[in-house]
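*Asks:* Any chance you can model this:
(2 chains)
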Amino acid sequence: MSLQHYLVISSILFSLGIFAVLTRKNAISILMGIELILNSCNLNFVAFSRFVTPAETIVGSEVFRFDGQIIAIFGIVLAAAEAAVFLAIILAIYREFGSIRPDEVDTLKG
Amino acid sequence: MEFTLKTFIFYGFALMTIASALAVVTVRNIVHAAFALMVTLFGVAGLYVFLQADFLAATQVIVYVGGILVLILFGVMMTSGRLEMRIHIERGQLLLGGGISLALLMLLLTVIANTPIWKNLTDDGTQLAPTTERIGQLILNEKFLLPFEVVSVLLLVALIGAALISRKEVRD
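*Replies:* Numbers count the residues shown, from 1 in each chain, chains lettered A, B, ... in the order given. Below you'll find the model as predicted:
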């Protein structure tokens, strides 16, 4: 397995997420597309930290740097925060408009 | 590259991830899409195992599958009546979105295939020690301490804000 295998997988995931964000008419489906995009970014971080960054040496044994993995953990935390706020806003919109289609929420449209 | 059991399992995970992601964006029923998303997240966790990121794979399963996916399913249950379970897609938007994302995919694949320093970086097969201990030291003792504290405050703020936004308005 080379780096390019992982990069191809994550770019396919990214394009599918963009496709969901652009075409779906339901806010929760858009959230699923955003989750796909975030997952592809995390996969890229971990793959680059596995293959590209040099190894660091800790008392005799050589291990890889973990910077990419830790940034991916922060990415997961941010995804959790984003999903919580997103769903709270969706609930508030559903209570106000009775629907979660993004194009029906147009009160601010001039 | 010889075709061993390891590569076979790797391609299995890759196929599982991509096929279920395709199901997430094409299936018409939103509950089916949520369960396809679960399969995608498990597939990405398997790819993390292949990248020797064992702690991250466990975190992915616990936080994404155990947390975010349950949150999404609650969102579906609370906002969708029987009629809205099915997703309506317009044809022109489908063509436009498909064209844009396909062009993006082609761009990314071209860049990946033509960047010389990314070639020939193959898995050298070294077995790593479990990463959890080193990650814990880096987060709580070394250079990632400040980002860790900042992101924990951010998570607290986001959760309080979510609770505040989603509760019923109290008029007095």
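*Asks:* Give me the local confidence score for the residue nearest the centre of chain B.
*Replies:* To find the centre residue of chain B, average its C-alpha atoms and take the closest one (Cα atoms, centre = their mean): that gives B:Leu41, at 5.4 Å. With respect to pLDDT, B:Leu41 scores 94.
*Asks:* how near is the spatially closest residue to it that is not a sequence neighbour to A:Asn39?
*Replies:* For B:Leu41, the nearest residue in space outside its immediate sequence neighbours is B:Tyr64; the separation is 4.5 Å by Cβ to Cβ, 6 or more residues apart in numbering or on different chains. C-betas here are computed from N, CA, C, even on glycine. According to Cβ to Cβ, to the nearest Å, B:Tyr64 stands 8 Å off from A:Asn39.
*Asks:* what's the overlap in contacts for these two?
*Replies:* By the contact definition Cβ atoms under 8 Å, 6 or more residues apart in numbering or on different chains, B:Tyr64 and A:Asn39 are jointly contacted by B:Leu41.
*Asks:* Tell me which of these two has more neighbours.
*Replies:* For B:Tyr64 versus A:Asn39, neighbours defined as other Cβ atoms under 10 Å in any protein chain shown are more numerous around A:Asn39 (29 against 26).
*Asks:* In contact with that one, which residues?
*Replies:* When the contact criterion is Cβ under 8 Å, 6+ apart, the partners of A:Asn39 are A:Leu13, B:Thr40, B:Leu41, B:Val44, B:Tyr64.
*Asks:* before we move on, back to that, mind listing what the residue nearest to B:Leu41 touches?
*Replies:* With contacts defined as Cβ under 8 Å, 6+ apart, the neighbours of B:Tyr64 are A:Glu35, A:Asn39, A:Ile76, A:Ala79, B:Leu41, B:Ala45.
*Asks:* And those residues, which is closest to B:Met77?
*Replies:* Lowest distance from B:Met77 to the contacts of B:Tyr64 (Cβ to Cβ) belongs to A:Glu35, with 17.8 Å.
*Asks:* Return the distance of the closest one relative to B:Ala163.
*Replies:* Taking Cβ to Cβ as the measure, A:Glu35 falls 21 Å from B:Ala163.
*Asks:* These two: who's more crowded?
*Replies:* A:Glu35 (25 against 11).
*Asks:* Go through the longest helix seen in chain A and flag the buried ones.
*Replies:* Using DSSP state H to assign secondary structure, the helix with the most residues in chain A is helix A:67-97. Judged by neighbour count (16 or more other Cβ atoms under 10 Å in any protein chain shown), helix A:67-97 contains these buried residues: A:67-77, A:79-94.
*Asks:* go on, stretch B:67-75?
*Replies:* Those buried within stretch B:67-75 under the rule 16+ other Cβ under 10 Å are B:Ile68, B:Leu69, B:Leu71, B:Ile72, B:Leu73, B:Gly75.
*Asks:* hmm, it touching chain A?
*Replies:* Yes: using Cβ under 8 Å from any Cβ of the partner chain as the criterion, contacts between stretch B:67-75 and chain A involve B:Gly67, B:Ile68, B:Leu71, B:Ile72, B:Phe74, B:Gly75.
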